[in-house]
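Trainee: Please find the sequence and the predicted model below.
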Protein chains: 2
Amino acid sequence: MSASSPERLAEWVNASPEARTRALAKCLETIAFKDPRIHAWVQINPQSATDSGPLSGIPFGAKDIIDTRGLATEYGSQIYRGRVGVEDADIITELKSRGAILLGKTQTTAFAYMTPGPTRNPRNVEHTPGGSSSGSAAAVAAGMVPLALGTQTKGSVLRPASYCGVTGFKPTFDTFSMRGVLPFAKSLDTLGFFTHTPEDMRVLWRSLGRDSDGAELSVLGAASPTPTVDVPMARAFNESLVMLQQAGLTVRFINIAGMLSKLADAAHVVMCYEAARFHQQRYEEHGDRLADLAELVRSGLQIPESRYDGARRHIDACRQKMAELFQYTPVIAVPAATGPAPNGLGSTGDPTMNSPWTALGTPAISIPMPVEGDLPLGLQLTAAHGNDALLLRAAERVAAIMAAA
Amino acid sequence: MSASSPERLAEWVNASPEARTRALAKCLETIAFKDPRIHAWVQINPQSATDSGPLSGIPFGAKDIIDTRGLATEYGSQIYRGRVGVEDADIITELKSRGAILLGKTQTTAFAYMTPGPTRNPRNVEHTPGGSSSGSAAAVAAGMVPLALGTQTKGSVLRPASYCGVTGFKPTFDTFSMRGVLPFAKSLDTLGFFTHTPEDMRVLWRSLGRDSDGAELSVLGAASPTPTVDVPMARAFNESLVMLQQAGLTVRFINIAGMLSKLADAAHVVMCYEAARFHQQRYEEHGDRLADLAELVRSGLQIPESRYDGARRHIDACRQKMAELFQYTPVIAVPAATGPAPNGLGSTGDPTMNSPWTALGTPAISIPMPVEGDLPLGLQLTAAHGNDALLLRAAERVAAIMAAA
């Protein structure tokens, strides 16, 4: 690994200790140069537990709803400004135990809901980086760190990955302990990772002791883009499918637009119902200082239990249907966002392309597609529950085909 | 110079080129570690003109109302977000021509008026760093850079220096060209510098080819603190005077509280009148998007010319009186601020301890006094028009006495 390109996790794990030390210094230099413009970080304060392990010396950032002992854990909220974490979340402990260095905390929307933090998109600072894992996506995209942690309740990992042009991966629901991660809607909340490439992600997966021997991709299901997808995204998606077909993959178009739309609606009901109850006490304490979250609590508490139960039953039924579909097409491709990162920092964009898969709990990954111009577009791939290794290998293959085309 | 303490400008100028390079890397590392918390910088993007000169390889930050070619020059205003400077201001050219490296731009309140930027006080991040030269004071205080540029129309250099515990120096009015510096009130606007110590400031002064052979301090005039000064500041000020007397200086108490108060009022009238006219066109274009500046334009335009002329005449008369007073006590000490940095980031504090001296155009410097606790307090020293060398030498002596006490 050259010290001048410390972005790639896959290169870090094969580098000498000296090269890792140089690369870490390069990360800090990049942060010094770029963070005053990008605002990806809440705090930099390196912490490590051991020098050995497959991730030895590799720095990572953690979204600021993830508890970290002795470091800021402010939930992206003015109300918790100055709050210091009391205990490392389990995922922090796991990464540290494998040698990784917690470099610091990354910006999040308030409580991982809608109010944006200060983070800007490194590809074009006039545009949102997406959210809620805004700082983690931007830090990786800007070359500040080769790995960062996020969470996704609707589309908070894959959407910012798509907007920032990096790889974002949400493993199968419940793969990692959520202890120490501030909940939003517990039946949806999922840990996720940002790296530069799917190869990096697979190396991470292996370094975490997970199975990474997926079958080779030969058949890809492709959902037709829905009307919510804008022209640049629909065009890039279709052109990517053409590339994959030309490279010998079988692409089967499947019509799941209706199911995905209803799933997104059901996921929204579940999220509002659970988040309102989780944040109710905070709302009673802080009221309208919670801004959009206050409104969510008020409206979410109006949702009758019967409607919540119905939404959960609908999601369960869809899980059955999707399990059958995945037998036919083990990997399914859809756009990772409705379009490129919107202009302005007032909103972090639309999560509806991701929320169905978060509700289903299937693993999902966003990888950058070839684009003209400075605003990236992500391709989202998903696979059946537990088929993370298959998905990661497929993503690596798809990325290689698109890079060669 | 050790690479672990690159704060002191006086050490940089005597260091080897290799040590300067190491110290520059250390500055960038410090920025990476601290700026996500402090937000001193708008942009980091090193620029140099020559490798030789007395300031060779020494990095500095420039307040973001100072034009810099190819770097952000956004005036601390959302309206100018994304604006890139077209030409280096004369002071930038002068520093670069002596070998200094423009490291980047520092945060300012909007248009160097009241709306605070994101910068926090490095001594206690819950407190304001002061303003309007917020980022420059904080960057030096945090050890990110040994030198930074600010401007002062009322108290925008010496007050943040006092709040952040660094040395802030405003030379005699009109010593440096203001070309390329966004005006606020042209008869008051003055360039200023931040360094760690008065020794650093004197080294800078010499490096800029200015006379630094002032006479030795023996008599100090001391203004009795006014009621606007709070208890911690009054106590620290009086204790400092005791230390100086014990070290052999003659301290003469002088009663200028009434004159200073009327001078502050006159300076306010002049500022409002001039700023309203300078910003009038901007106000017609952007209206209430200028926030507090819009209100200033509306009220400032109501000031009749006769009142403005009266205020200027009053200031002229005070200049005469003060010139006589300086013959009797060549250096005068007053508190550099009304107290320690206020809690919160909503206001950058009260400039009334500085604005009389800005209006008079006399050189003024703030140096840290010994304090208990984490919030610094500055001692302000002033001298007659053009007596910058005398003032710098006096400040170095006073700092040495306080350090030894």
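Mentor: Arrived safely, thanks for sending.
Trainee: Domain-wise, how is chain A divided?
Mentor: Here the domain parsing of chain A from automatic domain parsing is A:9-207, A:219-404.
Trainee: quick check, the first one touching chain B?
Mentor: Yes - in terms of CB under 8 Å from any CB of the partner chain, part of domain A:9-207 sits within range of chain B, namely A:25, A:27-37, A:39-45, A:72, A:81-82, A:104, A:118, A:125-126. C-betas here are computed from N, CA, C, even on glycine.
Trainee: Among these, which ones are in strands?
Mentor: A:41-45, A:104 (DSSP state E).
Trainee: so what's the residue lying closest to residue A:81 once chain neighbours are set aside up against?
Mentor: Leaving aside its chain neighbours, residue A:81 sits nearest to residue A:74 (5.8 Å; criterion: CB to CB, 6 or more residues apart in numbering or on different chains). By CB atoms under 8 Å, 6 or more residues apart in numbering or on different chains, the contact set of residue A:74 is A:42, A:64, A:80-83, A:105.
Trainee: again with residue A:146
Mentor: Contact analysis of residue A:146 by CB under 8 Å, 6+ apart lists A:6-9, A:12, A:27, A:58-60, A:140, A:195-196, A:200.
Trainee: cutoff 10 Å now
Mentor: A:1, A:6-13, A:23, A:27, A:55, A:58-61, A:100, A:139-140, A:194-196, A:200, A:203-204 (CB atoms under 10 Å, 6 or more residues apart in numbering or on different chains).
Trainee: Return the subset of those residues lying in strands.
Mentor: Short answer: the contacts of residue A:146 in strands (DSSP E) are A:59-61, A:194-195.
Trainee: Just give me the residue closest to the centre of chain A.
Mentor: residue A:157 (1.8 Å; CA atoms, centre = their mean).
Trainee: quick one, phi/psi of that one?
Mentor: Residue A:157 has phi and psi values of phi -110, psi -50 when expressed as degrees, to the nearest 10.
Trainee: if I read this right, it contacts residue A:168, doesn't it?
Mentor: Yes - assessed by CB atoms under 10 Å, residue A:157 is found in contact with residue A:168 at 4.5 Å.
Trainee: Between these two, which contacts overlap?
Mentor: Counting by CB under 10 Å, 6+ apart, the common neighbours of residue A:157 and residue A:168 are A:130, A:133, A:136-137, A:148, A:150, A:192-194, A:354, A:364-366.
Trainee: Restricted to strands, list these.
Mentor: Among the shared contacts of residue A:157 and residue A:168, the residues falling in strands (DSSP E) are A:148, A:150, A:192-194, A:364-366.
Trainee: What about the residues you listed, which one has the most neighbours?
Mentor: residue A:366 (36 neighbours; other CB atoms under 10 Å in any protein chain shown).
Trainee: Help me confirm that it comes into contact with residue A:168.
Mentor: Yes - shown here, residue A:366 and residue A:168 form a contact pair, counting by CB under 10 Å, at 4.6 Å.
Trainee: if I look at these two, which residues touch both of them?
Mentor: Residues touching both residue A:366 and residue A:168 (CB under 10 Å, 6+ apart): A:137, A:155, A:157-162, A:192, A:194, A:336, A:354, A:378, A:380.
Trainee: could you dump those to TSV with pLDDT and distance to residue B:297?
Mentor: Written out in TSV, the entries for these read as follows (pLDDT from 0 to 100; distance: CB to CB, whole Å):
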residue	pLDDT	distance to residue B:297
A:137	98	41
A:155	97	44
A:157	98	46
A:158	98	47
A:159	98	42
A:160	98	40
A:161	98	45
A:162	98	44
A:192	98	49
A:194	98	46
A:336	98	47
A:354	97	47
A:378	98	46
A:380	98	50
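Trainee: can I get these in TSV with distance to residue A:304?
Mentor: Converted to TSV, the shared contacts of residue A:366 and residue A:168 look like this (distance: CB to CB, whole Å):
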residue	distance to residue A:304
A:137	36
A:155	26
A:157	31
A:158	31
A:159	30
A:160	33
A:161	35
A:162	35
A:192	31
A:194	38
A:336	33
A:354	27
A:378	36
A:380	33
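Trainee: And the residues you listed, which is closest to residue B:252?
Mentor: Set against residue B:252, the nearest of these by CB to CB is residue A:137 (63.0 Å).
Trainee: Give me the nearest residue to the closest one, chain neighbours excluded.
Mentor: Once flanking residues are discounted, residue A:137 sits nearest to residue A:160: 3.5 Å by CB to CB, 6+ apart.
Trainee: Using CSV, list the CA coordinates for whichever helix or strand the one you found is part of.
Mentor: Using DSSP states H and E, residue A:160 sits in helix A:158-164. Extracted in CSV, the C-alpha atoms of helix A:158-164 (Å, rounded to 0.1, in the frame of the first residue of the first chain):
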residue,chain,number,x,y,z
LEU,A,158,-27.3,2.7,1.3
ARG,A,159,-28.7,6.1,0.3
PRO,A,160,-25.7,8.1,1.6
ALA,A,161,-23.4,5.5,0.0
SER,A,162,-25.2,6.1,-3.3
TYR,A,163,-25.0,9.9,-3.0
CYS,A,164,-21.3,9.9,-2.0
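Trainee: Give me the sheet partners of the following helix or strand past it and which way each runs.
Mentor: Later in the chain than helix A:158-164, the nearest helix or strand by DSSP H and E is strand A:167-170. Next to strand A:167-170 in the sheet, as set by DSSP bridges, lie strand A:190-195 (antiparallel), strand A:364-368 (antiparallel).
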